[in-house]
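Student: Structure for this input, please:
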Amino acid sequence: MWTLFFLLVLLFFIFLWYTRTHLKEQAFALAMAAVEKNGYQLLDDAISLTQVRIFRSGRTFSLMHTFEFHYADEQQHRQVGQVIRHGKGWLNITFSSSVPPNVSQETDRKVIPFPGNFQHD
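Tutor: Model prediction:
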C-alpha cells in the first residue's frame, strides 16, 4: 500500500517537473524571438518563473504563469521583460521601457499581445 502511494507521489512530482521545464523552454523561445524582433539583446540566456497564481476568467479557473527575462535595449540599459501564460495559451510579452531608475517601471510598460488561442471574457 505504501509503495503504491509513494509511486503515485513520485509520478506526480515528475509530472510537475516535466510540465514546468516544458513551459520554461517555451517561454524562453518566445522571449528570444520577441527580443530579436524588437532589436534588443537577451542577457544571461536565461528566463525564470517568478509567479504562479490562480486566475478566474468567467466561471473557469486556470493558472497564470509569469516568467521574467533580462534584456539590453538600444541604449544598452539592462531591462526586465515578462512572458505571461494563462491557462493553455500564451497571453503576452511585456518589455519595460527605458526610464530613469528613480521612476517606477510598473507604470511605464509596453505590452505586446501574443497571437494565440487565448480569449479574455
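Student: Apart from its chain neighbours, what residue comes closest to L30?
Tutor: Of all residues not flanking L30 in the chain, V83 sits nearest, at 5.5 Å (C-beta to C-beta, 6 or more residues apart in numbering). Every C-beta, even on glycine, is put in place using the N, C-alpha and C of the backbone.
Student: I'd like to know how many residues surround G87.
Tutor: 16 (other C-beta atoms under 10 Å).
Student: again but with M1, I slipped
Tutor: By other C-beta under 10 Å, 5 other residues sit near M1.
Student: could you pull out the strands for the protein?
Tutor: Using DSSP state E, the strands of the chain run over 41-57, 60-72, 78-86, 89-96, 109-113.
Student: among those strands, which is nearest F15?
Tutor: Closest to F15 of those, according to C-beta to C-beta: strand 60-72, at 14.2 Å.
Student: circling back: export the strands of the chain to a markdown table and tack on mean neighbour count and distance to L10?
Tutor: Listed next are the strands of the chain as a markdown table, based on neighbours: other C-beta atoms under 10 Å; distance: least, C-beta to C-beta, whole Å:
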| stretch | mean neighbour count | distance to L10 |
| --- | --- | --- |
| strand 41-57 | 13 | 21 |
| strand 60-72 | 17 | 22 |
| strand 78-86 | 19 | 26 |
| strand 89-96 | 19 | 30 |
| strand 109-113 | 12 | 39 |
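Student: Need those in a markdown table (columns: mean pLDDT).
Tutor: Output for the strands of the chain, formatted as a markdown table (pLDDT from 0 to 100):
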| stretch | mean pLDDT |
| --- | --- |
| strand 41-57 | 88 |
| strand 60-72 | 90 |
| strand 78-86 | 89 |
| strand 89-96 | 83 |
| strand 109-113 | 51 |
